[in-house]
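> Build me a structure from this.
(chains A and B)
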Amino acid sequence: MNSAQTIHPHLYVDDRPQEGIFRVHKNVYADPQVFELEIEHIFNKTWSFLGLTSQIPKAHDWISTHIARSPILITRDGSNEIKAFINACRHKGSQLTRTEKGNNKYHSCPYHGWVYGSNGKLADIKDKEHAQYAPAFDDESHDLIPIGKIAVYKGLIFGSLSPDVPELEDFLGELKFFIDLAMDQGEHGMEFIPGNIEFAYEGNWKLQLENGTDAYHLTSTHVGFLDLMAKRAMGQGNIEAKQFDWQKRFSQNGGDFQFEHGHTLIWLNQAEVKKRPIYPSIEAIEKRLGKDRAEWMLKMRNMSIFPNLQIADSTSLLMRTFRPLAVNRTELRYWCLAPIGEPAAQRAWRLRQFEDFFNVSGLATPDDTITYETCQNGFESSKLDWLQGHARGMMSVQAGASETAKALGFSPQASVDAGFMVQSESSFHPIYREWARMMKAGVLGGKTYE
Amino acid sequence: MNEATQSALLLAQQLIAKDHCYLDEKRWPEWLELFTSDCEYWVPAWLSEEELVTDHQTQLSHIYYNSRAGLEDRIARIVSRKSPASVPLRRTTHMSANLAIEDASKPGEIQAKISWTCHIFDPRSKKTFMLFGTSHYTWRQQLETWRIAAKKTIIQNDYLPSMVDIYCL
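Here you go, the predicted model:
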């Protein structure tokens, strides 16, 4: 009997809200079979972030990325349409592009020289006239394999290997309110500041997924960082980084919102709005988008877009993807997201804040990644089973929209309106509900989306 | 090689050895003393597979400080023992080669570059890594002492293993 067919990963999420229980079993992070099923039933079946339209502004611009294991080529064709293909030559499967970005009307495979247009259509088979292919060969399509679905929301390009996914706007759902708060900061759109930050850690991808909305770890994992910030608040140390007085955050109100399709968000009022790089533009933003949205752009907001995109606006604005490489290995990609045409002084300010906190060579992120690795070490024990890290704050959760959500006009599935000190772990619940739902549908042979 | 370059070479050799030795032996106060208070410490990121970041004001760097305060903060975090990434500290051995004097024409200032490797052992995971690249130094003479006024470090293999800190560069 093949044991891979007998495991039921959805049972590793013990979700009994009426009894006050929400537990996750360590096998979700540690079992290689679960990992294989995640690739098949989650990453290969839902929307993934591929890039920004501002990365490919001109006809024939292209970027390359991955959806889990699949190399993906994203192009803007000659008629300005954005398309995405499996980045593999139909001939022998060689990855077609070998760099991250470029501008090519035609892509020529370096192996046997097959040529494709930026629209993915086969343009030439080298020495075809002498090839003596059988007629059956000509009956096949030789075009690049398109991915199942591609769509753009507010400059964010998403793609899905499977065509059977909800429309992108339905997938993002009510979270769009918060995506807009990131992507509408620039009047002329948003861009990634040039400069690559890419690294890997020896731990499961969901450790990063959870940590993105984990308010509880700040005062322990990052206590060294917080000590430095307390010094800087008194004018000592590297004050050039214009970092925040984090002690002031602990008395703020905040909360979390749970969304459909696994998306989640935590937020916190911001004591020092003037340290935000967008602050000098805030009057113009208010004029353009209204008072509420301008005010919320200044608050701390960290969101996870299931399964592997995070937008964090806790210091300066970050986008992060985490690509599952193995059950215990994950590749991270960080981008500093900024308004197109931002004034030079604000740009430099944003960069220093970002490098100080977010970089893997910075003062906060390394403490996270090393901690993921020590979690992964703990998971190796067969005596460790159900973790106790998803229950905090359960009593603060209210179904549907809180007063805060109602006032802003969006409808989450559940809300927490509370002070920072609750440090609720309820923001992980939508992640694991969706994870269990998709794994169950996949393993039991049901439809992933109705 | 003229005499000025010759003596600059000898001096640079000693100053680089100090930089590396203090990092490897974790003699943090002495290491900080190697820098001027207004030093520029820059580790550019890469723009693509083949192009390096050229402007720290408009492009993202791994590290950019325009004073020693940034370095002092990092040392404070390391010695606090409150940073999970810094307990246990990774062990390092720096090697340098290809020392070349870039400019010794100005009195009281020397510019030089080296190729470096840093062998890193993580006692927690029992893994060994190596980072490598080039460094450009500018030393300035302050009374009797030569201090680093600028250090730009290029990491050729910046797909970083879980973390990186200044003592690994």
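> Now do the same for the residue sitting furthest away from the middle of chain B: its pLDDT.
Largest separation from the mean C-alpha position in chain B: residue B:2, at 27.5 Å (C-alpha atoms, centre = their mean). For residue B:2, the pLDDT comes out at 82.
> before we move on, what about the one 4 residues further on?
pLDDT recorded at residue B:6 is 90.
> Equivalent analysis for residue B:16, please.
Looking at residue B:16, its pLDDT reads 98.
> wait, what's in contact with the residue in chain B that chain A sits nearest to?
Ranking the residues of chain B by distance to chain A (C-beta to the nearest C-beta) places residue B:60 first, at 2.7 Å. (Each C-beta comes from the backbone N, C-alpha and C, glycine too.) Residues in contact with residue B:60 (C-beta atoms under 8 Å, 6 or more residues apart in numbering or on different chains) are A:193-197, A:336, A:351, A:354-355, B:45, B:53.
> And for residue A:343?
Neighbour list for residue A:343: residue A:280 [criterion: C-beta under 8 Å, 6+ apart].
> what phi and what psi does the backbone show at the residue of the stretch 351-450 of chain A found nearest chain B?
Residue nearest to chain B within the stretch 351-450 of chain A: residue A:366 (3.4 Å; C-beta to the nearest C-beta). Backbone torsions of residue A:366, given as degrees, to the nearest 10, read phi -60, psi -30.
> contacting residues around it?
By C-beta under 8 Å, 6+ apart, the contact list for residue A:366 reads A:360, B:83, B:85, B:162-165.
> In chain B, where's the longest helix?
Scanning chain B for the helix with the most residues, using DSSP state H, yields helix B:3-24.
> which helices and strands does it pack with?
Other elements packing on helix B:3-24 under the criterion 3 or more C-beta pairs under 8 Å, 6 or more residues apart in numbering or on different chains; DSSP states H and E are helix B:28-33, strand B:91-103, strand B:109-122, strand B:127-142, strand B:145-155.
> Need the ones you listed in CSV (columns: mean neighbour count and distance to chain A).
What follows is the helices and strands packed on helix B:3-24, written out as CSV (neighbours: other C-beta atoms under 10 Å in any protein chain shown; distance: least, C-beta to the nearest C-beta, whole Å):
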stretch, mean neighbour count, distance to chain A
helix B:28-33, 15, 13
strand B:91-103, 14, 15
strand B:109-122, 19, 9
strand B:127-142, 17, 8
strand B:145-155, 19, 9
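> In contact with residue 74, which residues?
This is for chain A. Taking C-beta under 8 Å, 6+ apart as the test, what residue A:74 contacts is A:50-51, A:56, A:62-65, A:82-84, A:150, A:157, A:159.
> Please refer instead to chain B.
Applying C-beta under 8 Å, 6+ apart to residue B:74 gives the contacts A:363, B:165-166.
> next one: residue A:112
A:89, A:91-92, A:126.
> swap the cut-off to 7 Å and go again
Counting by C-beta atoms under 7 Å, 6 or more residues apart in numbering or on different chains, residue A:112 touches A:91-92, A:126.
> Go through the residues you listed and name the one nearest chain B.
Once C-beta to the nearest C-beta is applied, the member of those that ends up nearest chain B is residue A:92, at 22.8 Å.
> which SS class is the closest one?
What DSSP: H, G, I helix; E, B strand; the rest coil gives for residue A:92 is coil.
> Which parts of the stretch 151-300 of chain A are helices?
All helices of the stretch 151-300 of chain A, identified by DSSP state H, counting those that start in this stretch, fall at A:168-172, A:176-183, A:205-211, A:218-221, A:223-233, A:282-289, A:291-298.
> Whether the shortest one contacts chain B - can you check?
Pointing back at helix A:218-221 there. Yes. Using C-beta under 7 Å from any C-beta of the partner chain, we find that helix A:218-221 touches chain B at residue A:221.
> List the residues that contact residue 143.
The chain I'm using is chain A. For residue A:143, the contact set (C-beta under 7 Å, 6+ apart) comprises A:120-122.
> look at chain B instead
Residue B:143 touches nothing, counting by C-beta under 7 Å, 6+ apart.
> Report the beta-bridge partner residues of the residue nearest to the spatial centre of chain A.
Against the mean C-alpha coordinate of chain A, by C-alpha atoms, centre = their mean, the closest residue is residue A:309 at 0.5 Å. Beta-bridge pairing for residue A:309 (DSSP bridges): residue A:305, residue A:321.
> how close does the nearest residue to residue A:294 once chain neighbours are set aside sit to residue B:70?
If you skip the residues right next to it in sequence, residue A:294 has residue A:286 as its closest partner in space, 3.9 Å away by C-beta to C-beta, 6 or more residues apart in numbering or on different chains. Note on residue A:286: its distance to residue B:70, by C-beta to C-beta, to the nearest Å, is 34 Å.
> tell me which residues of stretch A:432-450 are tucked away?
Residues of stretch A:432-450 classed as buried by neighbour count (16 or more other C-beta atoms under 10 Å in any protein chain shown): A:432-443, A:448.
> CA-only coordinates of that stretch in CSV, if you can.
C-alpha atoms of stretch A:432-450 as CSV (Å, rounded to 0.1, in the frame of the first residue of the first chain):
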residue,chain,number,x,y,z
TYR,A,432,-5.1,26.9,8.0
ARG,A,433,-8.8,26.7,7.3
GLU,A,434,-8.1,27.3,3.6
TRP,A,435,-5.0,25.0,3.7
ALA,A,436,-7.1,22.2,5.2
ARG,A,437,-10.0,22.8,2.8
MET,A,438,-7.7,22.7,-0.3
MET,A,439,-5.8,19.7,1.0
LYS,A,440,-9.0,17.8,1.7
ALA,A,441,-10.5,18.6,-1.7
GLY,A,442,-7.2,17.5,-3.3
VAL,A,443,-6.7,14.3,-1.4
LEU,A,444,-10.3,13.2,-1.6
GLY,A,445,-10.6,14.0,-5.3
GLY,A,446,-13.1,16.9,-4.9
LYS,A,447,-13.0,20.2,-6.7
THR,A,448,-10.7,22.8,-5.2
TYR,A,449,-13.1,25.7,-6.1
GLU,A,450,-16.8,25.4,-6.7
